[in-house]
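Asker: quick one, structure for this:
(2 chains)
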Amino acid sequence: MPAILNAEGLWIVVIAATTNAACALVGSFLVLRRLSMMGDALSHAVLPGLAAAFILSGSYSIGPLMLGAVAAGLVATLLIHTLHHYARVPGDASMGVVFTSLFALGVVLVEQGIHGVHFDVKCVYEGTLELTPFWTWNVLGYDLPRAFVVTGGALSINALLVALLWKELKLSAFDPALATTMGFSAAAMHYLLMTLVAMTAVASFEAVGSILVVAMLIIPPATAHLLADRLGAMVLLAVFIAALSAVLGYLAGAWLDTNLAGMITVAAAALYGLAVLFSPRHGLVSAARRNWQIALRVVSEDLLAMLYRVEELGGQRRLGAAEAQSALGGGLLARWALAKLLRGGRVERAGDRLELTATGRESARQLVRSHRLWETYLVKHLGLPLDHVHQGAHRTEHYIGRQLRDQLQQEVEANAADPHGREIP
Amino acid sequence: MLPALEIHDMTVAYHRRPVLWDIDLAVPEGKLVGVIGPNGAGKTTLIKAVLGLTPLASGKVEIYGRPYRQQRRLVGYVPQRESVDWDFPVTVRDVVLMGCYGRLGWFRRPGRAERQIADRCLEQVGMTSFARRQISQLSGGQQQRVFLARALAEEAKIYFLDEPFAGVDAATESAIVNLLQSMRHSGKTVFVVHHDLQTVREYFDYVILLNLRLVACGPVAETFTPDNLHKTYGGRLTLLDEVAEAMRQRERAR
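Answerer: Numbering: from 1, shown residues only, chains lettered A, B, ... in the order given. Model prediction:
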C-alpha cells in the first residue's frame, strides 16, 4: 500500500490534479457545445498519430508524439465533419465510425510497425500514475517528474488560450452563427478547441490513461454546469472539482490499494452524483424538498379551511385530530400538517377536539375568502355551471394572495355571497 | 444613393439542391422590410446567404455597395430564438454584451463603455430588472427582447431578424414592433422574416415576397397585392420544385 503523505504521494496528487485541471478547462467548452463525446472520440483517434510519430521519429520524445497526435485529432475532426455534412451520416454515427476506425488503425500500426520496443496499449488505457514520480527530468536545476512537466505545460497552454480567447470561445459556444457573422469563425474556434483537446489528451495519457482523460473532460464540467450560472464560475468550479477529485481519488485509492486513475474517476463521478441530487436549482433532492413543502402547505391550509367551515356551521361540533387527518387523506402528510399548525399556534387542542386560535381563524378566513371569491368570479365571468367551480377553487385558493384577492373583489363587485349562497368572509 | 442591400443574380443550394433561384433585388436605406413567404420558401436561407453563413452557388451580395466581409460592422443579426441553448451559463447582461464583441475584434475584452451600452440597450427593451438573471429563467418573449437588446448593442445600420415574433406574447410583439419602427426612423434598415400576413401592412413599409424565387420586392402599397400574394402562396411552383428534386436525385445517384 502506497504511503499517503510522502514525497511520491504528494507528487502523484499534484500530477493528477494538474492533468485533471487541464482536461476540465477545455472540457467545459466541449460540454457547453454539446460535444462531450468528442473528448472520447479524439482521445481514441489520436492513437494512429502517436504510432506514426513513433515509427517515423523512432523515439518517445514528446515533440513528435504531440505533433502526430494533434494531426490525427484534426484529421478525425475533419472526417467527422465531412461524413456528417457531405455524406449525410448522422452526427453520432459519423463520430462513432471515425474514432473506432482510427483507433483500430492505430492498434494495427502499433502491432505491425513497432518491434522490440515497449509500446503498451494497456498503459494508454489505465496510465501509470503510480510510477510517474520516479521518471524525472531536470528542469532549471530541479528534478521534476516528467509527467508533471508535460501536463503542467498542457495546463498552461490551455489556461493561456482560454484567457486570451475568452469572449471568442464564449460567443462561439453560445451562438456560433452570430460569432461567424461577426468575423470570429465558429469553425476555426471548433478546430482550435479540438487541437487543444487532442494535445491535452496526449499530454495526459502517460500519467493517467485514456479512461481518466475522457472522464475528466466531461464529468467535472458537467458537475460545474449543474452548480454555476455564469461561464466564469462554471469553468473555475470545473477546475476545482477536477483537482478535488484527484485528492479524494488518491486518498481512497491509496487506502483501498487499487488503481489510482480508476479511483479518481470514481471520485469525480461521486461528486457529480452529489450535484445531481443536491444542486440548488436542478437537484433531485432540492426539487423533492420543494414539492414536499408545497404539498405540506396545501394540506395544512386545507385543514385550516376545514376547521373554519365546521365552525361556520354554527353548531358545537368540532373535529377530532384523527377525524381531521383522515378527511385530508390521512398518512404522513396529514399528520405533519397538523403538527405544523399546532406548533405554529394556529390550532390548539381542546380536550380531544381541535380548535382554531385567533391567528388560525384569520388565515383560514382569508383562504375561504379566496376560495369563494374565485368561485364567484368563475361563475360570473366565465359562465361556468355551479357544480364545476368548487374543485377548481379548491386547487386555486392556495395561490391567491392578498393582491389577487383585492383584484377579484373589484371584479365581482362586492358580492356578499358566493354562488352557492354562502357568505364571503 | 447606394442601396442598403443589393442582391444580384444570387442562387443558393443545399447539397446541390437549389433553394433560392436567381434572386435580384435592391432595398434602399431606412426601410422596415418584411420577408414574406410560405414555409420552405427560403426566407431564412436568404438571410443566411446575405450574412455569409451559407455559401452562394452563384451571384453576389452587396451591403452599401461592398461585399459583406468588408461591411460586417454595419450589419446586425438576430437568429431564431431556438437556435441557441438557453441553459447556457450566462446572464442577460452577458448576452447583450455579446453584441459589442464584433466591434472589439479579437482578444479585446468588453470594458466599462461596453457595459454602459449593454445597460442602455436593456433599458430600451424594458429588461433592465432582469440584467443579472440567468437566461434559462426567461419566458419566450423575454428571450426575444434580450436578443433584440443584443442586436441594438451591435450598433449596426442594417439588421436581419429571423422570426422575432415566433412564440412571443402580444405585449412583446407590439413592443418589438415599436422598437423596430423607431430604429427605422433613426435611419436603420431592418429586415424581418415574418409569417403573419394580417399584420404586414401595419408593421412594414417594404416587402420581399419569396417562394424559392423572388416574387416581388418593393413598397408595401404597390407590392403587397392579392395578385403577388397568389403568386407567392397559391399555385405550388411545381416545375421549379421538380427540377430541384431532379438535380438532387441525380447528385445522390452519382
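Asker: how about A:Ala243: what's its closest non-neighbour residue?
Answerer: A:Ala17 (4.1 Å; Cβ to Cβ, 6 or more residues apart in numbering or on different chains). C-beta: built from backbone N, CA, C; applies to glycine.
Asker: what's the burial count for the one you found?
Answerer: 23 (other Cβ atoms under 10 Å in any protein chain shown).
Asker: is it true that it touches A:Ala246?
Answerer: Yes. Assessed by Cβ atoms under 8 Å, A:Ala17 is found in contact with A:Ala246 at 4.0 Å.
Asker: circling back to that earlier point, for the residue nearest to A:Ala243, give me the pLDDT.
Answerer: Looking at A:Ala17, its pLDDT reads 95.
Asker: same question for A:Gly253.
Answerer: 90.
Asker: and it, what element?
Answerer: helix A:231-256 (DSSP states H and E).
Asker: what does A:Phe99 give?
Answerer: helix A:91-113.
Asker: which elements pack onto that helix?
Answerer: helix A:36-45, helix A:47-57, helix A:62-85 (3 or more Cβ pairs under 8 Å, 6 or more residues apart in numbering or on different chains; DSSP states H and E).
Asker: looking at the ones you listed, which is closest to chain B?
Answerer: Closest to chain B of those is helix A:62-85 (Cβ to the nearest Cβ; 9.0 Å).
Asker: coming back round to it: how far out from the middle of the chain is the helix holding A:Phe99?
Answerer: Taking Cα atoms, centre = their mean, to the nearest Å, one finds helix A:91-113 lying 31 Å from the centre of the chain it belongs to.
Asker: give the rounded mean pLDDT of it.
Answerer: On average, helix A:91-113 scores 89.
Asker: what do you get for stretch B:110-117?
Answerer: Stretch B:110-117 comes out at a mean pLDDT of 95.
Asker: any low-confidence regions in the stretch 201-350 of chain A?
Answerer: The model of the stretch 201-350 of chain A has no residue with pLDDT under 70.
Asker: and the residue of it closest to chain B?
Answerer: Taking Cβ to the nearest Cβ, the stretch 201-350 of chain A has A:Asp229 as its residue nearest chain B, at 3.9 Å.
Asker: what's the neighbour count on that residue?
Answerer: 19.
Asker: can you give me phi and psi for the nearest residue to it once chain neighbours are set aside?
Answerer: Using Cβ to Cβ, 6+ apart and skipping residues adjacent in sequence, the residue nearest A:Asp229 is B:Gln134, 3.9 Å away. The phi and psi values for B:Gln134, taken as degrees, to the nearest 10, are phi -80, psi 140.
Asker: check contacts around B:Gln134.
Answerer: A:Asp229, A:Arg230, B:Pro89, B:Val90, B:Thr91 (Cβ atoms under 8 Å, 6 or more residues apart in numbering or on different chains).
Asker: repeat the analysis, applying 10 Å as the threshold.
Answerer: Residues in contact with B:Gln134 (Cβ atoms under 10 Å, 6 or more residues apart in numbering or on different chains) are A:Ala228, A:Asp229, A:Arg230, A:Arg281, B:Trp86, B:Asp87, B:Phe88, B:Pro89, B:Val90, B:Thr91, B:Val92, B:Asp94.
Asker: that older thread, common neighbours of A:Ala17 and A:Ala246, please.
Answerer: A:Ile264.
Asker: not counting its neighbours along the chain, what's nearest the closest residue to chain B within the stretch 1-150 of chain A?
Answerer: With Cβ to the nearest Cβ, the shortest gap between the stretch 1-150 of chain A and chain B falls at A:Leu32, namely 6.5 Å. For A:Leu32, ignoring the flanking residues on the chain, the nearest one in space by Cβ to Cβ, 6+ apart is A:Ala173 at 4.7 Å.
Asker: now do whichever strand or helix holds the one you found, average pLDDT.
Answerer: If you go by DSSP H and E, A:Ala173 is part of helix A:166-174. Mean pLDDT, helix A:166-174: 96.
Asker: also stretch B:126-145?
Answerer: Rounded mean pLDDT across stretch B:126-145 is 93.
Asker: let's see it as CSV, backbone CA atoms only.
Answerer: C-alpha atoms of stretch B:126-145 as CSV (Å, rounded to 0.1, in the frame of the first residue of the first chain):
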residue,chain,number,x,y,z
GLY,B,126,-37.6,47.1,-20.9
MET,B,127,-35.4,44.3,-19.4
THR,B,128,-33.2,46.3,-17.0
SER,B,129,-34.5,44.5,-14.0
PHE,B,130,-33.5,41.1,-15.5
ALA,B,131,-29.9,42.1,-16.1
ARG,B,132,-28.5,39.7,-13.6
ARG,B,133,-30.8,36.8,-14.3
GLN,B,134,-29.5,33.6,-15.8
ILE,B,135,-31.1,33.3,-19.2
SER,B,136,-32.8,29.9,-18.5
GLN,B,137,-35.3,31.8,-16.2
LEU,B,138,-36.7,33.9,-19.0
SER,B,139,-40.0,33.5,-20.9
GLY,B,140,-40.1,33.3,-24.7
GLY,B,141,-41.0,36.9,-25.0
GLN,B,142,-38.2,38.0,-22.6
GLN,B,143,-35.7,35.8,-24.5
GLN,B,144,-36.7,37.7,-27.7
ARG,B,145,-36.3,41.0,-26.0
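Asker: brilliant, that's me finished.
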